[in-house]
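A.B. asks: Sequence first, then the predicted structure, then my questions.
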Amino acid sequence: MFDNLFGNIQQQQAELQQKLSTIIVEAEAGDGAVTVQAGADQHIENIRIDPSKLDLNDREQLEDLMLVAVNRALELAREKAAAETAKLLKDMLPFGGFGDLPKP
């Protein structure tokens, strides 16, 4: 009875991970001095540095901007992953989720 209630969870989880790896978010720091792209599967895809917007001799500034941009990108990636996971769970649950259950 419950075998197909949630469908093939392992397959759906694998499909979700594949989808998350294709979702790319972007964040910046220092008014575009550092731009980071991250996948919703929590990997850093790319880091760009615009040397015209910072002093390359100021290593501490560059490190701080990179840290801010990476953290922003990873936060956006987590938000996208959470949204996709919620969407998957809603599709898996009967009645489109618990929020749609009839009220007594």
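C.D. replies: All right, it came through fine.

A.B. asks: and the residue nearest to the spatial centre of the chain, what pLDDT?
C.D. replies: Nearest to the geometric centre of the chain sits A77, at 1.9 Å (Cα atoms, centre = their mean). A77 is assigned a predicted lDDT (pLDDT) of 97.

A.B. asks: Which of the helices or strands spans it?
C.D. replies: For A77, the host element (DSSP states H and E) is helix 59-92.

A.B. asks: ok, now A38?
C.D. replies: A38 is part of strand 34-39, with elements assigned from DSSP H and E.

A.B. asks: mind checking how far that strand is from the chain centre?
C.D. replies: 11 Å (Cα atoms, centre = their mean, to the nearest Å).

A.B. asks: following that strand, which helix or strand comes up?
C.D. replies: Per DSSP H and E, the first helix or strand lying C-terminal to strand 34-39 is strand 44-49.

A.B. asks: sorry, back to before: ok, and for the helix holding A77, which residues are buried?
C.D. replies: Across helix 59-92, burial judged by 16 or more other Cβ atoms under 10 Å covers 62, 65-66, 68-70, 72-74, 76-77, 80-81, 88. C-betas here are computed from N, CA, C, even on glycine.
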